[in-house]
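S.K.: sequence plus the predicted model coming up.
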Amino acid sequence: MKKLSLLTLAAAGGLLISGGISGTALAASTSTANTDATASFTDNTDPTNPVDPEDPDIDNPGGGGETENPGPLSLDYASNLDFGTNAVPKTNTTYIAKDDHNKDGSTTFANYAQVTDQRSGAVKGWSLTVSEDAQFKAAKSGTELTGAELSLGKGTTKTTSDNTAGGTVTSSEAKLSTDGATTQVMNATTGNGFGTWVDSFGQKGGSTVKLMVPAAAHPEADAYNTTLTWNLEDTPANA
């Protein structure tokens, strides 16, 4: 009798195990659903703040060249150029532009221009030019500084360290003409120029911006000035 009981229990245990396996194998989905995941984007039309031309990862309070132009493609900054106060030249003389500076003059930095491209879609490229509207003129008499020549030199382009999709931007030797002709400054070909870019004209304490004044100009004891017009186009120069 004892032997029969053990066999009966063993058989019953086998049925339980078999039933458990069969139940697992027969399990099936009885209800399914699909859901959506969405993400939307829009062009940023806010102005971009100026950055430090030597380290674009640092914000720059600016010294008066801020444009506050809206995005998504914008010229954010272009330095005002100051050649200081000088004695009337006895020979042909070239003057170097002073460093740009923040509003209170406590910090100086290289003269520069800044462009930001954050347009949606494929990276299209862009072009920045500058023109000298007329010859330098005396503030009081309007007399021209005859023969004076202004040049920006060839700048150095930089972008922020996190701009891994920006590609490259080239800088051109910029010699201005008093007839209003445009001169290339920066150019981003198709597929390049995304993000914020600066073009530094020299470096702090060593500007490449020059004004050559011939002795024959015979400047008056007065302040002379001219206006530069910067133009950012939404296509590259070679398009």
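M.R.: Done, it's in.
S.K.: which residues touch the residue nearest the centre of the chain?
M.R.: Residue closest to the mean C-alpha point of the chain, counted by Cα atoms, centre = their mean, is residue 196 at 1.9 Å. Residue 196 makes contact with 48, 51, 56, 76, 114, 115, 116, 159, 160, 163, according to Cβ atoms under 8 Å, 6 or more residues apart in numbering. Using the backbone N, CA and C atoms, a C-beta is placed for each residue, glycine as well.
S.K.: 10 Å - rerun?
M.R.: Applying Cβ atoms under 10 Å, 6 or more residues apart in numbering to residue 196 gives the contacts 48-51, 56, 74, 76, 114-118, 158-160, 163, 166.
S.K.: quick check: which element contains it?
M.R.: Assessed by DSSP states H and E, residue 196 sits inside strand 195-200.
S.K.: looking only at pLDDT, what's the mean for that strand?
M.R.: Strand 195-200 carries an average pLDDT of 97.
S.K.: quick one, helices of the protein?
M.R.: Secondary structure of the chain (DSSP state H): helices located at 2-25.
S.K.: show me the shaky parts of it.
M.R.: Residue ranges of the chain with pLDDT under 70: 1-26, 239.
S.K.: again, only this time at 80
M.R.: Counting by pLDDT under 80, the chain shows low-confidence ranges at 1-27, 29, 61-63, 238-239.
S.K.: for residue 133, which non-adjacent residue is spatially closest?
M.R.: residue 227 (4.5 Å; Cβ to Cβ, 6 or more residues apart in numbering).
S.K.: would you confirm that that neighbour contacts residue 176?
M.R.: No. Residue 227 lies out of contact with residue 176 (Cβ atoms under 10 Å); the separation is 11.3 Å.
S.K.: before I go, just wanted to say thanks for your time.
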